[in-house]
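**Q** A structural model of the following input is requested.
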Amino acid sequence: MPNIKVFSGSSHQDLAKKTVDRLGIDLGKAVLKKFSNQETCVEIGESVRGEDVYIIQSGCGEVNDNLMELLIMINACKIASASRVTAVIPCFPYARQDKKDKSRAPISAKLVANMLSVAGADHIITMDLHASQIQGFFDIPVDNLYAEPAVLKWIKENIPEWKSCVIVSPDAGGAKRVTSIADRLNVDFALIHKERKRANEVASMVLVGDVMQRTAILVDDMADTCGTICHAAEKLKEAGASKVYAILTHGIFSGPAIQRIESTPLEALVVTNTIPQEKNMRDCSKIQCIDVSMILAEAIRRTHNGESVSYLFLHVPM
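**A** Numbering: from 1, shown residues only. From the prediction side, this is the model:
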């Protein structure tokens with residue numbers, strides 16, 4: 001693949017390495033460090049003049065530091081005469097702050113979009129945005145890839161009784177995602193209505209649908225403290241579900257998440273590697289991981305060659 005350079009930020013170098021291995025190229029040389037006053041320093045170690053540059057950086061870990069690092073890397077490549085700079089952001093930072101849901105609340109996702117554009121990004125590739133309208137915050141093209149094909153593949157390969165299962169959304173916001181998966185598997189779906197008193201705390205839950213003596217699969221885009229997903233798993237067990245699985249795209253797992261997962265009736269909690277999961281998998285036997293590097297690699301290859309990316313919305317590249 002000529003005229004292409006792929007660089008990695010420090011947030012998820014393992015995913016970047018898997019992605020370039022899949023593309024059959026080497027990872028671009030870049031030195032990422034901090035000065036003693038904690039300012040971020042980036043040095044791009046090779047020429048990018050006239051190149052098609054991709055920078056892989058996920059919004060996880062030290063989110064603010066990693067976002068600043070991404071902005072500086074984009075800007076460094078842009079002013080070094082790169083022909084196009086694409087930010088590959090598997091987990092988009094601040095995606096949950098996408099609307100003004102109370103007075104004087106910020107729309108931080110829009111601010112992040114503005115910052116990426118001002119830094120010089122020409123194109124964004126991301127995965128399972130918390131709200132798909134975030135694409136409209138940008139004046140540059142945004143490819144929002146879906147983990148759904150990889151999730152369907154995992155369900156068919158790992159859950160023997162998947163033909164009689166019920167796909168469950170842990171909240172009303174995920175209903176569209178769940179109905180799409182249920183339609184493609186040709187199975188039933190259910191919904192859990194939840195009420196929050198404050199952020200990261202669930203007050204009450206009501207199950208809409210029948211899961212008696214059936215395998216229930218909870219599907220959501222992200223889990224942070226895992227209060228909702230664990231509460232939902234207990235609710236499904238109370239309603240008579242024989243087994244409960246949970247499948248998420250972004251496993252943030254902050255605060256008491258790992259302890260909560262260990263103590264729930266979940267058979268397995270499956271996440272993709274848009275966020276590093278090695279430590280979480282060591283700490284918790286229930287966490288399993290789906291590799292999405294091939295989806296990102298194929299999206300980069302198709303973008304570079306000017307091909308359509310919509311194939312990836314329904315298929316997992318082989």
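**Q** quick one, strands of the stretch 101-250 of the chain?
**A** 123-127, 142-145, 166-169, 188-198, 201-208, 215-223, 243-251 (DSSP state E, counting those that start in this stretch).
**Q** rank the ones you listed by pLDDT, which is bottom?
**A** Ranked by mean pLDDT, these end with strand 201-208 at the bottom, a mean of 80.
**Q** in the protein, which helix has the most residues?
**A** Scanning the chain for the helix with the most residues, using DSSP state H, yields helix 63-78.
**Q** and that one, which residues are buried?
**A** Along helix 63-78, the positions that meet the burial threshold by neighbour count (16 or more other CB atoms under 10 Å) are 66-78. (Glycine included, C-beta is placed from N, CA and C.)
**Q** same check on stretch 26-42?
**A** By neighbour count with 16+ other CB under 10 Å, stretch 26-42 contains the buried residues 27-28, 30, 32, 40, 42.
**Q** start to end distance for that stretch?
**A** Taking CA to CA, to the nearest Å, the span from the opening residue of stretch 26-42 to its closing residue is 19 Å.
**Q** repeat that for stretch 274-290.
**A** According to CA to CA, stretch 274-290 extends 9 Å from its N-terminal end residue to its C-terminal end residue.
**Q** repeat for stretch 297-317
**A** Where stretch 297-317 begins and where it ends lie 9 Å apart, using CA to CA.
**Q** and for stretch 75-88?
**A** First-to-last distance for stretch 75-88 - CA to CA - comes to 15 Å.
**Q** buried set for that stretch?
**A** By neighbour count with 16+ other CB under 10 Å, stretch 75-88 contains the buried residues 75-78, 82, 84-88.
**Q** closest to S169 among the residues you listed?
**A** Checking the buried residues of stretch 75-88 against S169 with CB to CB, the nearest one is V88 at 27.8 Å.
**Q** so the closest one makes contact with I56?
**A** Yes. V88 is in contact with I56 according to CB atoms under 8 Å; the separation is 4.5 Å.
**Q** and for these two, which residues touch both?
**A** Each of 19, 296 lies in contact with both V88 and I56 under the rule CB atoms under 8 Å, 6 or more residues apart in numbering.
**Q** burial of A246, as a residue count?
**A** When neighbours are counted by other CB atoms under 10 Å, A246 registers 29.
**Q** residue contacts, the closest residue to it other than its chain neighbours?
**A** Leaving aside its sequence neighbours, A246 sits nearest to L218 (CB to CB, 6 or more residues apart in numbering; 4.2 Å). L218 makes contacts with 168-170, 229, 232-233, 236, 244-247, as judged by CB under 8 Å, 6+ apart.
**Q** recalculate using a threshold of 6 Å.
**A** Shown in contact with L218 (CB atoms under 6 Å, 6 or more residues apart in numbering): 168, 170, 232, 246.
**Q** for the last one, give me its contacts.
**A** Contacts were defined as CB under 6 Å, 6+ apart; by that measure A246 touches 218, 229, 266, 269.
**Q** which secondary structure elements does the worst-scoring helix or strand of the chain on mean pLDDT contact?
**A** Comparing every helix and strand of the chain by mean pLDDT, DSSP states H and E singles out strand 201-208 as the least confident one, with a mean of 80. Applying 3 or more CB pairs under 6 Å, 6 or more residues apart in numbering; DSSP states H and E, we find strand 201-208 packed against strand 188-198, helix 227-238.
**Q** quick one: the residue nearest to W162 when sequence neighbours are not counted from F253, how far?
**A** Once flanking residues are discounted, W162 sits nearest to I155: 5.2 Å by CB to CB, 6+ apart. In this structure, I155 and F253 are separated by 22 Å, where distance is defined by CB to CB, to the nearest Å.
**Q** what about these two, which has more around it?
**A** F253 (26 against 22).
**Q** hang on, isn't that one packed against N280?
**A** Yes. The pair F253 and N280 passes the contact test of CB atoms under 6 Å, sitting 5.4 Å apart.
**Q** can you count the residues close to the residue nearest to S180 when sequence neighbours are not counted?
**A** With CB to CB, 6+ apart as the measure, E148 is the residue that lies nearest to S180, at 6.6 Å, once sequence neighbours are left out. Neighbour count of E148, defined by other CB under 10 Å: 19.
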